[in-house]
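Trainee: Prediction below, plus the sequence it came from.
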Amino acid sequence: MTITRGAGSSLAGSGEEQTAPSISVAVLGCGGVAAKRVAALPPSLSVRSVYDVDTTRAESLARSLRPHPDVAASAHEALSSDVEVALVATFHKDLVPLACLAVDAGCHVLVEKPGGRC
């Protein structure tokens, strides 16, 4: 089965077309790295919530996306909105706590850079 891009993001296989299921994403940390990661997401992933300690950054990233995701007041709130995947893009010291929070919330997690100290 292959994923074809275009209107509706269809799944093509065995002669029939279906709408691809949308996978919901929370973005924790909304600086330059997050913007690059979000821009690279495939159409089957939909950013549902964003969070940053700097609310202005979170609002800026949210305004750049269509549809606009929710701007969460906390990482807990960002992960509570029926999210399946968490993209953690923040300072090194915050990577481990936020990644663990996302795992505890039942999310698949993308976290880069040094993992930090446990």
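Mentor: All right, it came through fine. Residues are numbered from 1 along each chain as shown.

Trainee: With residue 44 as the reference, measure out to the spatially closest residue to residue 73 that is not a sequence neighbour.
Mentor: Counting by CB to CB, 6 or more residues apart in numbering, residue 73 lies nearest to residue 51, which is 7.8 Å off, once chain neighbours are set aside. C-beta coordinates here come from the backbone N, C-alpha and C atoms, glycine included. For residue 51, the distance to residue 44 equals 22 Å [CB to CB, to the nearest Å].

Trainee: Look at the two and report which has more neighbours.
Mentor: residue 51 (27 against 14; other CB atoms under 10 Å).

Trainee: ok, what's across the strand from the residue sitting nearest the centre point of the chain?
Mentor: The chain has residue 25 as the residue nearest its centroid, 3.3 Å off, counting by CA atoms, centre = their mean. Residue 25 has these beta-bridge partners by DSSP bridges: residue 47, residue 85.

Trainee: hang on, it packs against residue 41?
Mentor: Yes: contact status for residue 25 versus residue 41: in contact at 6.9 Å, counting by CB atoms under 8 Å.
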